[in-house]
Every structure is written in structure tokens, then in C-alpha cells.
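Trainee: Everything below, folded, please.
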Amino acid sequence: MRKTKGRPKSFDEQEVLALAMDYFWKNGYENSSLDDVLKAMGISKGSFYHLFCSKEELFSKCLELYRKNRLEYLQSLKKEIGSKATMLRLVEMTLDELKTTGRLSGCLLMNSGKECYGRHKDLSKQIQKEYLTIQNFFVDALQEAIDKGTLKSSLFAQDLSTRFMNTLNGLVLSVQAGATDEMIESIVQQLKEMID
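Mentor: The predicted structure is shown next:
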């Protein structure tokens with residue numbers, strides 16, 4: 001049971017949660033010891049257990065934060081530049097990250113899904129739920145583009161969203177596996193053709 005009294009906290013809960021999310025994103029769930037995560041968050045074990053029951057609960061909150069932040073960003077982008085341009089921007093952002101950092105961090109949900117599948121039942125269920133929420137955003141955005149006539153596709157928005165997300169995530173995995181520039185360009189071309 002969590003304590004409700006004690007010394008008042010001297011940190012912002014959302015800020016330390018964001019720090020934990022970034023740490024998990026870079027290092028993975030299994031490779032992150034609680035001590036290392038606490039160091040990244042800049043809080044003590046006492047403060048941690050005042051807020052969370054376990055590393056798994058912290059990670060669960062990080063997954064929620066990631067989905068919330070990602071959806072807010074995508075919704076804002078869609079409002080600013082439109083549905084089709086938002087999809088293209090995701091491809092551009094992926095390439096920009098590769099050019100500026102030489103690596104791709106990928107999607108926290110995809111990375112975590114691969115890591116937690118078959119090992120952490122509750123986290124796996126949550127990852128699926130968070131992932132489907134983001135996919136539903138893409139389905140709605142693509143349907144809007146189809147309805148407005150800015151996107152012509154013989155596929156239903158659901159199928160197009162699935163293909164787009166899988167190809168975009170495949171791009172990340174291919175880069176992480178050492179794909180050549182030609183292979184990367186081919187995948188990028190596929191992504192652009194899907195929503196052209």
C-alpha cells in the first residue's frame with residue numbers, strides 16, 4: 001500500500017515520468033534496472049515508492065504518456081497541415097532523425113511490444129491497446145484524406161493504415177539491421193506511393 005503522508009515531494013511528477021519514458025525508450029524495459037531508471041529520473045527510492053508500486057507500474061505509466069504525447073502531436077500536426085501531409089511528415093521525421101543522429105529510436109510501443117511479448121502479459125495487453133489507439137488515429141486521418149479527395153486509394157483506410165504503419169516500422173527495423181541507402185530509399189518510396 002502506498003503512503004499518503006510524509007515529506008512533500010520536491011519534483012514534478014510529469015517531468016520525472018517523461019525522464020523515465022526517455023530512459024526506457026533508449027534502453028528497453030528489461031535492460032533498465034530500477035536503480036538506473038531512478039538515477040535518470042533524479043529521485044530516491046522513497047520518492048519512487050511514494051508514487052509507484054513497481055517498475056512495471058512505472059513503465060505502464062510511461063506507455064500511457066508516450067501514447068498521449070504522440071496523439072497530441074499527431075492531432076496538432078493534422079490540424080496544421082492536413083491528414084495526408086501528416087503521414088508524409090512522419091516519413092520525413094524518420095529520415096531526419098537518421099540523418100542527424102545516425103540511428104533511429106523507433107516507436108516506443110513497437111520496441112516494447114517486441115520486448116514484452118510472451119514475457120509480460122499485462123504490459124503486452126496495454127501495448128496492444130495503446131498501439132491500436134494510435135492506429136485508429138491513422139485510420140481516421142486516412143479516411144478523411146480519402147473523403148476530401150486528397151488521397152486516392154483502392155484500399156480501405158484500415159488496410160492502408162496497417163500497411164503504412166507496418167512499412168514505417170519496417171523501415172526503422174531495416175535501418176537498425178544495417179540496411180543500405182538503396183534499401184532505405186526503396187522503403188521510403190513505398191511509403192510515399194501508398195499515400196500519394
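Trainee: For the strand or helix carrying Leu71, buried residues please.
Mentor: Element membership of Leu71, judged by DSSP states H and E, is helix 55-81. By 16 or more other Cβ atoms under 10 Å, the buried positions in helix 55-81 come out as 55, 58-63, 65-67, 70, 74, 77-78. For every residue, glycine as well, the C-beta is placed using N, CA and C.
Trainee: again, but for stretch 11-22
Mentor: Under 16+ other Cβ under 10 Å, the buried positions of stretch 11-22 are Val16, Leu17, Ala18, Leu19, Ala20, Met21, Asp22.
Trainee: Equivalent analysis for stretch 30-42, please.
Mentor: Ser32, Val37, Leu38, Ala40, Met41.
Trainee: And for stretch 120-140?
Mentor: Buried residues in stretch 120-140 (16+ other Cβ under 10 Å): His120, Leu123, Ser124, Gln126, Ile127, Glu130, Tyr131, Ile134, Gln135, Phe137, Phe138, Val139.
Trainee: What residue, apart from its backbone neighbours, is nearest the fifth one spatially?
Mentor: To tie it back to what came earlier, the one meant is Ile127. Nearest residue to Ile127 in three dimensions, chain neighbours excluded: Gly113, at 4.6 Å (Cβ to Cβ, 6 or more residues apart in numbering).
Trainee: Next, count neighbours for the one you found.
Mentor: By other Cβ atoms under 10 Å, the residues close to Gly113 number 18.
Trainee: That one and Ser124 touch, don't they?
Mentor: Yes: between Gly113 and Ser124 there is a contact at 7.1 Å, judged by Cβ atoms under 8 Å.
Trainee: I am finished for the moment; much appreciated.
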